[in-house]
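I'd like to go over a predicted model; first the sequence, then the structure.
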Amino acid sequence: MPPERHEGSGAGELPVPMAWMYAEYLADELLRSGDLMEPATLEFRAGRDALALTVFLLDGAVAGALPAARVDELRLLTASGTPWRQWVRARLAAPVAGGTEADLALARSAWRWLEETELLAADLEAIGQLPPWEPDESAEEGLEEEARVWTPAWQLGLPLGHLAVHLY
């Protein structure tokens, strides 16, 4: 919250992006309470940013505890196979209720990071096609490198955020 001002008109004040900060706080709390990932990792940041974007773009963050209806909305929006990426793009292009230009700038910055950053992750399609025998240690090392691909951060963050919402 911006501090109370008793003098002056307030002209020239810097806007405080409270809606974005609150959405980021909620996302952080959901991920930490789920204990899914170390907070210092890039994967955690991807999950927090994806979840914060979702909370923020649902017409701004809601003050107080996360209502059950909002939790259901978050589950639906972050579920696998949903057009989340298109939804985010469309919402960022339109004005966000309850958000200032400063909020929107931070949301756009988070979206750019999620889209432009790639993280090395397990290739789930390749892992599903492993041979039925157990490889020796030398084969495991080569297999581990082959079964990893560079993935946009949002593709890792979204399922992590979805799982955190389910654990809430």
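Thanks, I have it. Numbering: from 1, shown residues only.

how far away is the nearest residue to residue 106 once chain neighbours are set aside from residue 26?
Excluding its sequence neighbours, the residue lying closest to residue 106 (C-beta to C-beta, 6 or more residues apart in numbering) is residue 20, at 4.4 Å. Every C-beta, even on glycine, is put in place using the N, C-alpha and C of the backbone. Distance, residue 20 to residue 26, using C-beta to C-beta, to the nearest Å: 11 Å.

again with residue 18
The gap separating residue 18 from residue 26 is 12 Å, by C-beta to C-beta.

out of the two, which sits in the busier spot?
residue 26 (23 against 18; other C-beta atoms under 10 Å).

and residue 95, which of the three is it?
Three-state call for residue 95 (DSSP: H, G, I helix; E, B strand; the rest coil): coil.

burial count for it?
By other C-beta under 10 Å, the burial measure for residue 95, its neighbour count, is 8.

which stretches of this protein form helices?
18-34, 42-57, 68-78, 84-93, 101-116, 124-127, 137-146, 153-167 (DSSP state H).

deepest-packed of those, please.
Comparing those by mean neighbour count (mean count of other C-beta atoms under 10 Å), helix 42-57 ranks first with a mean of 25.

what angle do it and helix 101-116 make?
Relative orientation of helix 42-57 versus helix 101-116 (axes from the mean of the first three to the mean of the last three C-alpha atoms, to 10 degrees): 140 degrees.

gap between the residue nearest to residue 155 when sequence neighbours are not counted and residue 110?
Leaving aside its sequence neighbours, residue 155 sits nearest to residue 121 (C-beta to C-beta, 6+ apart; 8.0 Å). Going from residue 121 to residue 110 by C-beta to C-beta gives 19 Å.

and the residue nearest to residue 99 when sequence neighbours are not counted, how far is that from residue 41?
Of all residues not flanking residue 99 in the chain, residue 19 sits nearest, at 4.4 Å (C-beta to C-beta, 6+ apart). Counting by C-beta to C-beta, the gap from residue 19 to residue 41 is 26 Å.

distance check, residue 151 against residue 31.
From residue 151 to residue 31 the distance is 18 Å (C-beta to C-beta).
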